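okay, sequence plus prediction incoming.
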Amino acid sequence: MYQLKTKETDSNVMEFIEQVENLKKREDAYRLLDLFTETTGFEAKMWGPSIIGFGRYHYKYDSGHEGDAPLVGFSPRKAKISLYFATGDIEREHLLARFGKHTTGKACVYINKVADIDEEILKELIKQSVTFLQEKYPEK
């Protein structure tokens, strides 16, 4: 049976950020930590070895696959900073059009540094993602 790799752990978020080698990326990680915490009101938790997540929701797909995931999160990776927002939300695309310098993957939004983006739009993306997921996957 498939085992979900990205699970909430007891690892320390601050210790993880302190291990980020690049000083500027570490500073950006602390800035993102503040922005995500203030905007969501959730405590930061480690998900897997490298994702800092906020909140949680339980999903179940039509295929029967189900699991838990953070509502939003980020990861200060070596190449770029990965931001995790809900996919499938039309409002996300409208906000990303005004977000600043970024690229997108299947589920992630990638930035080089926080200075490249509009922090107010980031807050809107965070709020929109949390609302979208809480409505799509309400707690039972």
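Yes, it's here.

which parts of this protein are strands?
For the chain, the strands defined by DSSP state E occupy 44-47, 51-54, 57-60, 66-69, 72-76, 81-84, 103-104, 108-111.

dump those to CSV, plus distance to residue 6, mean pLDDT and mean neighbour count.
C-beta coordinates here come from the backbone N, C-alpha and C atoms, glycine included. Formatted as CSV, the strands of the chain follow (distance: least, Cβ to Cβ, whole Å; pLDDT from 0 to 100; neighbours: other Cβ atoms under 10 Å):
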stretch, distance to residue 6, mean pLDDT, mean neighbour count
strand 44-47, 5, 98, 20
strand 51-54, 6, 98, 23
strand 57-60, 12, 88, 13
strand 66-69, 7, 89, 16
strand 72-76, 9, 98, 24
strand 81-84, 10, 97, 22
strand 103-104, 19, 96, 12
strand 108-111, 12, 96, 20
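
isn't residue 74 right next to residue 108, touching?
No. In this structure residue 74 lies outside contact range of residue 108 using Cβ atoms under 8 Å: 9.3 Å.

what touches both of the two?
82, 83, 84 (Cβ atoms under 8 Å, 6 or more residues apart in numbering).

closest one of those residues to residue 19?
Residue 19 has its nearest neighbour among these in residue 82, at 16.3 Å by Cβ to Cβ.

ok so, going back, could I get the strands of the chain as JSON lines with distance to residue 126?
Formatted as JSON lines, the strands of the chain follow (distance: least, Cβ to Cβ, whole Å):
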{"stretch": "strand 44-47", "distance to residue 126": "13"}
{"stretch": "strand 51-54", "distance to residue 126": "8"}
{"stretch": "strand 57-60", "distance to residue 126": "14"}
{"stretch": "strand 66-69", "distance to residue 126": "15"}
{"stretch": "strand 72-76", "distance to residue 126": "5"}
{"stretch": "strand 81-84", "distance to residue 126": "9"}
{"stretch": "strand 103-104", "distance to residue 126": "16"}
{"stretch": "strand 108-111", "distance to residue 126": "11"}
